[in-house]
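Participant: coordinates for the following, if possible.
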Amino acid sequence: MISETIITPSKLEASGEGKFICQQRLNGLVLRVVCQEYDDKILVITAYPGKRSRYEKD
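Facilitator: Prediction:
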């Protein structure tokens, strides 16, 4: 799920200091993956579920 979220996020946002957050819907919640890109690699810093109402404005 984490790699799928990074490859095809439904939402992508910058987080500062070269980090970015990929987001994908997940059973009424969202899966948020915080990453940082280095040359040809992506480092996953953390991944966590969150309430859609907090991160999405429908």
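Participant: may I ask which helix or strand of the chain has the lowest mean pLDDT?
Facilitator: helix 52-55 (a mean of 89; mean pLDDT, DSSP states H and E).
Participant: what lies in contact with it?
Facilitator: 11, 23, 25, 28-30, 32, 58 (CB atoms under 8 Å, 6 or more residues apart in numbering). All C-beta atoms are positioned from the backbone trio N, CA, C, and that covers glycine.
Participant: nearest to Glu17, of those residues?
Facilitator: Sorting the contacts of helix 52-55 by how near they are to Glu17, with CB to CB, puts Arg32 at the top with 16.7 Å.
Participant: tell me how many other residues crowd that closest one.
Facilitator: 21 (other CB atoms under 10 Å).
Participant: quick one: residues contacting the residue nearest to the spatial centre of the chain.
Facilitator: Taking CA atoms, centre = their mean, the centroid of the chain lies closest to Cys22, which sits 2.2 Å from it. Taking CB under 8 Å, 6+ apart, we find Cys22 in contact with 5-6, 9, 11-12, 32-33, 35.
Participant: roughly how far out does the top helix by length along the chain sit from the chain middle?
Facilitator: The helix that spans the most residues within the chain, counting by DSSP state H, is helix 2-7. What separates the centre of helix 2-7 from the centre of its chain is 8 Å, taken as CA atoms, centre = their mean, to the nearest Å.
Participant: again with stretch 6-21
Facilitator: The chain centroid and the centroid of stretch 6-21 are separated by 6 Å, computed with CA atoms, centre = their mean.
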